[in-house]
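Engineer: model the structure of this input:
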Amino acid sequence: MERREIEIFLTVGEELHFGRSAERLHVSVAMISKTVQKLERSVGAALFERTSRRVAFTAIGRRLFEEVKPAYQELLDAFARAVASGRGVDGVLRVGFLGTATAQFVMRAAALLQTRHPGCEVRLHESRFGDGTAVLRDDVIDVLLIDTFAVPVSTLAPGHSAGPVLFREAPLLAVSARHPLARREAVDVSELAHYEVLRPQAPVGPAARTSAPGQAAGGPPLGQATRRAAPGGAELLFAPAPAHSSLAPGGAPGSRGAARSTEFGSIQELWALVGGGHGVYPVPSHARVYDARPDVAFVPLKGAPAYAWHLVWLSAAENNRIRAFSEAACDYVAAHPDPLTGSA
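Structural biologist: Numbering: from 1, shown residues only. Sure, this is the predicted structure:
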């Protein structure tokens, strides 16, 4: 059996559908059918029972699948280990993340990477909201998992590379449990001009050299011209309040309250401010599960862009460890419809 024939046989065995197998392998259905027929001639018996409605293993086909699959995976793993030794995947890879749920995703992707490359050690680093991509430039980490809401790909400073979108999440609005919006079924993003929207602290010192959340590299502070660089609809989140509007600490219009420049530097500060009624803030949907607390409510946010998570690294520092981790992250997502919980 040639490698391509093995791949086609195993894929059909996993999918039990010629059309899906062809789509997955980027070949024609005719090629799938022709290859299966060739294998069946070589074996001297049918491997699959095929009708117009279903594909199923024959007894011989199932036994062959169960014996070939682990052997083929061992072959791929052995080859991957050889490549790792020859191309320098072994070593330390420093991966940055923001938040509990994304930390778990990074750990699962790292575990998959290390099964393929046992000599690669992954070290995790929790970033702050205001760090943006500065932790890459300052050589604190090698690769960063971040969302396009915090750092749109279009605003990355020159010299940064971004991997494909790994997964997306619907936006929610985090508000105090006592906030009037907490009783709403949903909030439109255009309404946020009337409420105190918290802001991540802008980077200070070396961090100012690269993008902070919502800020184009080298650009003005969050909420000014950078709104034009944010992904579709995100600029409304930081739109200035109408001149006649005044804000209460809880964010309700019509009474006096905190200035609109209230900032936070960490997740803990964010939840303390939101829970204390000092403002509202858009968050990805996983926050409802991983950051649940009695003083904070989460309301669906309509009209705001989805959180699209991807890996970012410095182009000049790209190496085989980064590429291998990116590949592992993509493969993990492909195998888990809900990559944040790890459910298959």
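Engineer: got the end-to-end distance for stretch 308-327?
Structural biologist: End-to-end distance for stretch 308-327: 17 Å, by CA to CA, to the nearest Å.
Engineer: just how off-centre is it within its chain?
Structural biologist: Counting by CA atoms, centre = their mean, to the nearest Å, stretch 308-327 is centred 13 Å from the centre of its parent chain.
Engineer: buried ones in it?
Structural biologist: 308-314, 320-322, 324-326 (16 or more other CB atoms under 10 Å). All C-beta atoms are positioned from the backbone trio N, CA, C, and that covers glycine.
Engineer: and the two most separated of those residues?
Structural biologist: Largest separation among the buried residues of stretch 308-327 by CB to CB: A308 and N320, giving 25.6 Å.
Engineer: still on that earlier bit, could you dump the buried residues of stretch 308-327 into TSV and include pLDDT?
Structural biologist: Output for those, formatted as TSV (pLDDT from 0 to 100):
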residue	pLDDT
A308	91
W309	93
H310	93
L311	95
V312	94
W313	95
L314	94
N320	90
R321	92
I322	94
A324	94
F325	96
S326	96
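Engineer: looking at the residues you listed, which is nearest V289?
Structural biologist: Closest to V289, out of all of the buried residues of stretch 308-327 and judged by CB to CB, is W309, at 15.7 Å.
Engineer: isn't G265 right next to L98, touching?
Structural biologist: No: using CB atoms under 8 Å, G265 is not in contact with L98; the gap is 11.9 Å.
Engineer: which residues are common contacts for these two?
Structural biologist: Shared contacts of G265 and L98 (CB atoms under 8 Å, 6 or more residues apart in numbering): 128-129.
Engineer: compare the two (neighbour count), which wins?
Structural biologist: Set G265 next to L98 and count neighbours by other CB atoms under 10 Å: L98 wins out with 21 against 15.
Engineer: who touches that one in this structure?
Structural biologist: 126-129, 145-146, 150, 267.
Engineer: for E67, same thing?
Structural biologist: Taking CB under 8 Å, 6+ apart, we find E67 in contact with no residue.
Engineer: no further questions, thank you.
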